[in-house]
Each structure stands twice: as structure tokens, then as C-alpha cells.
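In: This is a predicted model, with the sequence first.
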Amino acid sequence: MSIAWLLERMQQWADDPAIVWNDQPYSYADLIARVGVWRGELQTAGVQPGQVVTLEGDYSPGACALLLALIDLGTIVVPLTDSVAAQREEFLDIAEVQVVISFDTSDGYSVTQRGVTVQNELTRSLTASNTPGLVLFSSGSTGKSKAALHNFVPLLDKFKVQRNRKCTITFLLLDHIGGINTLFYTLSNGGTVVAIRSRDPETICAAIAHHGVQLLPTSPTFLNLLLMSEAYRGFDLSSLELITYGTEVMPESTLRRVHEIFPNVRLQQTYGLSELGILRSKSREDGSLWVKVGGEGFETKVVDGILFVRARSAMLGYLNAPSPFDEEGWMNTQDMVEVDGEYIRILGRRTEIINVGGQKVYPAEVESVLLQLENVRDATVFGEKNPITGNIVAARINLVEPEELDSLKRRVRSFCREHLASFKIPVKIEIANQAQHSARFKKMRR
């Protein structure tokens, strides 16, 4: 019973709300009771310790209770959400899922046996150790999705240290390392998880106002959409104490505006990877992109400007790719950083750097400038091959109001000449008619 400590701790908050779903609160006592019911349901369905089980759902009371029960039973859990519907069958096959438990919008469920025998040696070794597991798929925004297999126990160990009790919104999805972190951080500290129907700015703001949400864990892309929508003007967001942001590089102009609009809200950059878990972090100050990352169970070092991390909670390996760890357990995160004492500033993924005639261009820096332009809702910067310079800087721009492309190009280049070196100015400019982010609100550059 690897979560006996958590269930025991949850008992002390029996009458307090653990989850708000469809605007209805569910207490810790109710959640614990549902875990007990699921133990019986899993036995009836023939689910055994060590089996690979997919949980398809969001943060409903039933889904959260099932997750706890599956860990308690010692299964290997593969959480999936609607965001990966197009890749569902591929993911089920990669993880060699044996049982699928799917939830509908009313928290009803179905159980499907797949008749699969696990062949992957990594999975078989975890099953033999009689410990629960977790499989997380990368977003695949820059290539094919990879399946990271974790021993669930080290991931949960860090939550044994009690910290701040918060009412937290579930912005990050349940099949994301940040979503798993949000759920267990909240439950292990007696907080309340507020589930939401959708992740648009107005729905988020309404939930914050209605339920007195204190913590919003989110992404820079969403914060930019929030700023552009101005949805925050229509709601009382005075309960909000902390906004944490991660998953991608934060444009400096976006962070500055968030700080101006929410001067009484603490802003904290987070850092984590599906392969490693979420590191503890501390921003140097509100409005600063400098952050200190690490904490108990994590070691960091910077080699040739690239961040390396060694973690006690690191995955066992990929199910469908070679291990990214060296012989000493260090992982090259591919994140380029600057260093200032104990603090780092994340510049961007090495694979996203645009090399223009030997000069490095970081997309986030250019995007930060473009987002300051009038009539620009969003901007994505990427490199395109060029026979003379190697690459050119290209930009896809979402507009607030329709505008002629020639007019936009003149404004962009004029503004960029005042704020960027000449080799960083976009040569190719396109107007985008669709959103440029994934369901996880992470910018898509390809």
C-alpha cells in the first residue's frame, strides 16, 4: 500500500472539500469512500496488481478516486485525456495496455479488457517489483511522442513533506506530469482541487472568482491568451495568490504585463519534465525570468550552456526509445540556459534555436517583441532553411482584427528594427487563422 500514508493523512480533513466538480464540492471523506468502492470494483473486474491500466478521464471524483485505488493496488497507470484522442490507439499499443477504464461526462465509467500480454522488459521488471507505475506520453510537439515509464513511489515520496494548503485550479491535464503534480500536491496538503469544464480564459476566471481559487498553475501561452482576451476584467480575482507557469519559455513582455495586471499575485516559474518529475523552484523576484531549480532529490549542472538534471524520481526509461540518461544518471534536458550564481534563465530548447549565418536566435526573444505590437494576439517564431544563411527567422502571427499582410509586414519590421539585432528580425511573415497551441496550451512550432 504505497499510498497508505496519503489516505491516512486525508482522513484528518474528512469534512473539508477535496474536489469541486461541476461546481459541486466532494469531501475528503467522500473521496476516501470512493477509493474503497473502487477496490471492490477492480476486484470484480479482475484487475490484478502489476497490470497496465489506462484511466481515460479528467479530474472527476470517480477518476481521482480510481487513480488512488489503482496506485494502492499496485497497477501501472496510463492516464489519457481527450487531448490525445487522435493518438489513443497508438498509445494503448505502445504501453501494452491490458485494461481500459473510461469515464463519461457524468462520471459514469466502462471497463474494457484488451487481452494483451506485456512483452516490454522495462514494464515486466516493474511488475516483478510489486510497485505501482505510471506511464506518461510526451506532447510530441517537436517529434514522435515518447512513453516514459515511472515507478510511482519516488514520484509520490516528495509529497510526504507537508507544505501550503491551497485551493487550486486543475489547468494542467491529468495525463501531464504537471497535472499529476497538481493533484497530489493539493491532496497531500488538505487543499481543494477545482475541476473545470474547459480551459478558456473566461471559464478559468469564472472558476477562480466562484470558488476562491488561490493557485493557478498554467503555461505562458495561456497567460498571453488571458491578457489578450481581457477576461480578467469581468471577474473578482482577489482570492488569487500565486500563478505558477512552466512547460515552455515565458516571453519577457508577457511576464511583465502579467505582473502589471496582477501586482498582488506572486509569480513563480516552475520546471519539470515527464522523464524527471517537477523540481522545486524559486523565482528571483516577481516579474523575473531568473529561477533557482532543484530541491531534495534533484541535482543540476550546466555544461556548455545546457541544463543537465539527475533525479531520484527519474523515470525507469522510455518504452519506445533509447534511454536519455548517461552512465551516472544525468539527463541532458536540451534546454539552453544562462547562469547567474544559483539562478538560471531558460532561453529555449537547443532543437528550436535558429542559426542565422552562425548567429543564434532564440524564438522566445523574438516572440516577446512581436507580442508587444498592436493587433497581435499571438506569435510563433521558427526557423526555415535558407541556402545562403543556413536559416531565416520566420513568424506566424494571429491577429486581433483583420489586416493586410503587406501592412503587417511593414509594421513588424519597423518595430523589430528598434528592438532586435538585424539577424533576429523575421524575414518571412505569415498570418495564422488557427490557434498555434496544443490542447495542453503549449506552443506548437512545427
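Out: Looks like it came in fine.

In: Could I get the full set of helices for this protein?
Out: Remark: helices assigned in the chain by DSSP state H are 4-11, 28-44, 61-73, 88-95, 121-128, 152-157, 177-188, 201-211, 220-229, 252-261, 363-370, 405-419.

In: What are the contacting residues of the fifth one?
Out: So that's helix 121-128. Outside helix 121-128, the residues that touch it by C-beta atoms under 8 Å, 6 or more residues apart in numbering are 50-52, 76, 95-96, 118, 133, 149, 151, 316-317, 319. Bear in mind the C-beta positions are built from the backbone N, C-alpha and C, glycine included.

In: and if you look at the fourth one?
Out: The list of residues contacting helix 88-95 from outside it, by C-beta under 8 Å, 6+ apart, reads 52, 54, 78, 80, 84, 100, 114, 123, 135, 137, 145, 147, 319-320.

In: So, low pLDDT: which residues of the stretch 251-400 of the chain?
Out: In the prediction, the stretch 251-400 of the chain carries no residues with pLDDT under 70.

In: Format the helices of the chain as CSV; extra columns: mean neighbour count.
Out: Below are these laid out as CSV (neighbours: other C-beta atoms under 10 Å):
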stretch, mean neighbour count
helix 4-11, 15
helix 28-44, 17
helix 61-73, 24
helix 88-95, 17
helix 121-128, 16
helix 152-157, 20
helix 177-188, 22
helix 201-211, 19
helix 220-229, 22
helix 252-261, 18
helix 363-370, 23
helix 405-419, 14
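
In: Quick check: which of these is nearest to W330?
Out: helix 152-157 (16.7 Å; C-beta to C-beta).

In: May I have that closest one as PDB, with CA atoms only?
Out: Below are the C-alpha coordinates for helix 152-157, written out as PDB (Å, rounded to 0.1, in the frame of the first residue of the first chain):
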ATOM      1  CA  PHE A 152       5.200   5.800  -8.900                       C
ATOM      2  CA  VAL A 153       6.700   5.500  -5.400                       C
ATOM      3  CA  PRO A 154       9.600   8.000  -5.900                       C
ATOM      4  CA  LEU A 155       7.200  10.500  -7.600                       C
ATOM      5  CA  LEU A 156       4.900  10.400  -4.500                       C
ATOM      6  CA  ASP A 157       7.600  10.500  -1.900                       C
END
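
In: what's that helix in contact with?
Out: For helix 152-157, the surrounding residues in contact (C-beta under 8 Å, 6+ apart) are 2-3, 6, 71, 77, 131-134, 180, 184, 277, 297, 312-314.

In: any idea how far I278 is from the most centrally placed residue in the chain?
Out: Geometric centre of the chain, nearest residue: G178, 4.3 Å, by C-alpha atoms, centre = their mean. For G178, the distance to I278 equals 7 Å [C-beta to C-beta, to the nearest Å].

In: Leaving out the residues flanking it, which one is nearest to the residue of the chain most remote from its centre?
Out: Taking C-alpha atoms, centre = their mean as the measure, the residue most remote from the mean C-alpha position of the chain is I388, 37.9 Å away. Counting by C-beta to C-beta, 6 or more residues apart in numbering, G357 is the residue found nearest to I388 once chain neighbours are left out, at 7.9 Å.

In: quick one on the thing from earlier: for the contacts of helix 152-157, which one is nearest T333?
Out: Within these, proximity to T333 (C-beta to C-beta) peaks at A314, which comes in at 11.7 Å.

In: What residues does that closest one make contact with?
Out: Contacts of A314 (C-beta under 8 Å, 6+ apart): 154, 275-277, 325, 329, 331.

In: I'd like the distance between V135 and P426.
Out: Taking C-beta to C-beta, one finds V135 at 39 Å from P426.

In: An error on my part: the question was meant for R88.
Out: R88 is 37 Å from P426, where distance means C-beta to C-beta.

In: Likewise for G36?
Out: G36 is 58 Å from P426, by C-beta to C-beta.

In: Next: L31.
Out: Look at L31 and P426: by C-beta to C-beta, they are 50 Å apart.

In: ok, now I76?
Out: In terms of C-beta to C-beta, I76 sits 45 Å off from P426.

In: and what of W5?
Out: According to C-beta to C-beta, W5 and P426 sit 53 Å apart.

In: likewise E338?
Out: In terms of C-beta to C-beta, E338 sits 23 Å off from P426.

In: okay, those two: which has more neighbours?
Out: Neighbour totals were compared for E338 and P426, and P426 leads with 24 against 13 (other C-beta atoms under 10 Å).

In: show me what contacts that one?
Out: 366, 370, 381, 393-395, 412-413, 416.

In: Let's see that with 7 Å instead.
Out: Contacts for P426 were tallied using C-beta atoms under 7 Å, 6 or more residues apart in numbering; they are 366, 381, 393-395, 412, 416.

In: With distance to L347 added, can I get the residues you listed in JSON lines?
Out: Converted to JSON lines, the contacts of P426 look like this (distance: C-beta to C-beta, whole Å):
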{"residue": "V366", "distance to L347": "12"}
{"residue": "V381", "distance to L347": "13"}
{"residue": "V393", "distance to L347": "15"}
{"residue": "A394", "distance to L347": "19"}
{"residue": "A395", "distance to L347": "18"}
{"residue": "V412", "distance to L347": "22"}
{"residue": "C416", "distance to L347": "19"}
